[in-house]
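J.: Just to be clear, the model below is a prediction. Sequence and coordinates:
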Amino acid sequence: MKSFLNSLTLILAAIILTACNLPAALGEPAAVPTNTPLPASPTAIPAETSIEPTPIPPTATPLPEPTPTPTSNAVTITAATGNLNIRRGPGTYYNVITSMNQGQSATAVGRDAPGHWLYVSIPSNPSAYGWISTQTPYSTIQGDVNLLPIMTAPAPLAAYIRNCTFHPMIINPGGIVLPPQTSAPANRASFTPGTYTATDQSVMGATPKELTLNEGSTVDITVDGLNNVYACP
């Protein structure tokens, strides 16, 4: 009997211990210790700030466009077999401003419409320009004249020779006869600038008088073949 009671006591003790552990075994939440701190509130996330994107530089800097180079059309004129006059404009009515000696060459930068005159840089003064004729047997030309730009010049100034004597005078070169002053205004005629001679037609063997005529000027013949001096009225 005593053994039976001891066994029963052991069984009861086991049952009590099992009952104490029953909530954990059934999955109930364990009690939270009162001294365990609760987690802090989550830190607020600031609103997104709008940021302008930084421009991305190009991978290479473009090179400037090249300046077009005009097609070369070099035209040169050479005083091959004699000296050539260079004039103020494209024609013999313009003053001679200088000359190009035999063997010299000049570069043309323009022409007149027919291509009979070239606008050239003066060999002795490359910063100055003048006109030179292509219609002379003393020159040679290299290059295509027709490809040069057409240029214009102011009109030439008229130049005159006037006979103030009482004798007719013949003007050379040209063979033009100027009547005496009594035939005015026919005693005056227009000539191209240059050097001329005037010879008295009333005096046998009269010595020619040399005249130099410039553009825009008038030269008077005041001495006849007898060396009489006159003035034009």
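T.: Arrived safely.
J.: May I ask which helix or strand of this protein has the lowest mean pLDDT?
T.: Least confident helix or strand, the chain: helix 22-25 with a mean of 44, by mean pLDDT, DSSP states H and E.
J.: show me what contacts the closest residue to residue 88 other than its chain neighbours?
T.: Leaving aside its sequence neighbours, residue 88 sits nearest to residue 94 (CB to CB, 6 or more residues apart in numbering; 4.2 Å). Placement of C-beta: from N, CA and C, glycine included. Contacts for residue 94 (CB atoms under 8 Å, 6 or more residues apart in numbering) come out as 87, 88, 131, 153, 156, 193, 215.
J.: Wait, the fifth one touches residue 90, no?
T.: So that's residue 156. No: shown here, residue 156 and residue 90 do not form a contact pair, counting by CB atoms under 8 Å, at 9.4 Å.
J.: more crowded one of the two?
T.: A count of neighbours by other CB atoms under 10 Å puts residue 90 above the other of residue 156 and residue 90, at 24 against 19.
J.: Just the element for the more buried one, please.
T.: Counting by DSSP states H and E, no helix or strand carries residue 90.
J.: so what's it closest to, chain neighbours aside?
T.: Per CB to CB, 6+ apart, closest to residue 90 is residue 117, 3.5 Å.
J.: For the one you found, give me its contacts.
T.: Residue 117 neighbours (CB under 8 Å, 6+ apart): 90, 91, 111, 131, 132, 133, 134.
J.: Point out where the protein drops to low pLDDT.
T.: Within the chain, the ranges that satisfy pLDDT under 70 run 1-72.
J.: returning to what we had before: of the contacts of residue 117, which is the nearest to residue 229?
T.: residue 91 (34.6 Å; CB to CB).
J.: which non-adjacent residue is nearest the closest one?
T.: Per CB to CB, 6+ apart, closest to residue 91 is residue 156, 6.2 Å.
J.: quick one, strands of the protein?
T.: 75-79, 84-87, 96-100, 105-111, 117-122, 125-133, 139-142, 160-163, 169-172, 176-178, 188-190, 194-200, 209-213, 218-221 (DSSP state E).
J.: now for these, which one comes closest to residue 228?
T.: strand 194-200 (9.8 Å).
J.: in that closest one, what's buried?
T.: Buried residues in strand 194-200, counted by 16 or more other CB atoms under 10 Å: 194, 196, 198, 199, 200.
J.: Parallel or antiparallel, which strands does it pair with?
T.: Strands that pair with strand 194-200, judged by DSSP bridges, come out as strand 169-172 (antiparallel), strand 209-213 (antiparallel).
J.: Show me the contact partners of that strand.
T.: Against strand 194-200 from outside (CB under 8 Å, 6+ apart): 92, 96, 161, 163, 165, 167-174, 178, 206-213, 221, 224-226.
J.: For residue 121, which non-adjacent residue is spatially closest?
T.: Residue nearest to residue 121 in three dimensions, not counting chain neighbours: residue 107, with 5.3 Å by CB to CB, 6+ apart.
J.: Right, I'll call it a day here.
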